[in-house]
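Novice: all I have is the shape, not the residue letters:
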């Protein structure tokens, strides 16, 4: 018997409920893990709301880290007592979980499990966004919205490590100073431009000195148009989330009008198509965390029973860095 965080029906945070459940032994291809920490992410919100439909009730959570307690008969490379982490395994918000062995990676010695859990999904997201979706090059300029958030902080660090500049936006001056400390060159408080898309785009161009090469936009509805208008000719808008709501349909002729632009809506799963991609991305992120060349800020830790508070902070965009649940 172990506790788990269930979504009882599609809806708001009131549908979250901690329940006891019986957990079967791991299947032949799974490992059973005592969970040390679970990452709090917007994909959880989309699943809870029904944006990504799920049959209810279901256990929430995609990302976590912990210690292996049992291994399936066909599992090689993992043993009881190993410390592991994962970024894509549904039903992770529980005391004990069965996770496909193909989805887990080793946690390096010396790296805290809570940091590993906090970095997997968002860390690999930032990695594929700037290494693969738009491979950032030295001398380029990138726009990063919500730069003090979980993915935003990682993007700022990874982009500047490549020798590129970052135009960072955030909703408060305090959050902007967090982005500056991580390496952002140009800072914009987008609260000052609410409802004024053209003005926000003009400010991006003013501080950058030109249109940006790429815009990384996880905010969505309220920033999409400004992101598009901030790009240089043949630039790319990488829309990877919708913290402010989903982007409505738009006229593809706008891409022509603003300079033969590109828009993509990527998802992590498409950039983890095999085990080699998973171990590459996770290995670089976790290794950099252990070495101290990459930093993750955990701004809140909650027990399962207070999960609604964690998601309230996330959905209200009141967070700086990463939130975790500790079963």
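Specialist: Everything's here; your move. The model shown is predicted, which means the values in this text are computed figures rather than measured ones. Numbers count the residues shown, from 1 in each chain.
Novice: can I see the domain layout of the protein?
Specialist: Residue ranges for the domains of the chain, per automatic domain parsing: 2-120+273-325, 137-265.
Novice: residue 35 should be in a strand, yeah?
Specialist: Yes - assessed by DSSP: H, G, I helix; E, B strand; the rest coil, residue 35 belongs to a strand.
Novice: what is the neighbour count of it?
Specialist: Counted by other C-beta atoms under 10 Å, the residues lying close to residue 35 total 25. Where C-beta positions appear, they are placed from N, C-alpha and C, glycine not excepted.
Novice: just residue 256 next, same as before
Specialist: For residue 256, using other C-beta under 10 Å, the count is 10.
Novice: sec struct for residue 256, please.
Specialist: Following three-state DSSP, residue 256 is assigned to helix.
Novice: before we move on, back to that, which one of the domains of the chain lies closest to residue 126?
Specialist: Residue 126 lies closest, by C-beta to C-beta, to one member of the domains of the chain: domain 137-265, at 3.8 Å.
Novice: quick revisit: output the domains of the chain in JSON lines; the columns should cover mean pLDDT.
Specialist: Below are these laid out as JSON lines (pLDDT from 0 to 100):
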{"stretch": "domain 2-120+273-325", "mean pLDDT": "95"}
{"stretch": "domain 137-265", "mean pLDDT": "94"}
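Novice: any chance of those domains in CSV, plus distance to residue 126?
Specialist: Supplementary listing: the domains of the chain in CSV, determined by distance: least, C-beta to C-beta, whole Å:
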stretch, distance to residue 126
domain 2-120+273-325, 8
domain 137-265, 4
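Novice: from the centroid of the chain, which residue is nearest?
Specialist: residue 122 (3.0 Å; C-alpha atoms, centre = their mean).
Novice: to the chain's geometric centre, what's the distance from the helix or strand hosting residue 288?
Specialist: Per DSSP states H and E, residue 288 falls inside helix 275-291. Computed by C-alpha atoms, centre = their mean, to the nearest Å, the chain-centroid distance of helix 275-291 equals 15 Å.
Novice: which residues does it contact?
Specialist: Helix 275-291 has contacts (C-beta atoms under 8 Å, 6 or more residues apart in numbering) with 85, 87, 102-103, 105, 107-111, 115-116, 119-120, 123-124, 126-128, 131, 154, 271-272, 294-296.
Novice: buried ones in that helix?
Specialist: If you call a residue buried by 16 or more other C-beta atoms under 10 Å, then helix 275-291 has these buried ones: 277, 278, 281, 282, 284, 285, 286, 288, 289, 290.
Novice: how near is the second one to residue 68?
Specialist: Right, the one you point to is residue 278. As judged by C-beta to C-beta, to the nearest Å, residue 278 and residue 68 stand 17 Å apart.
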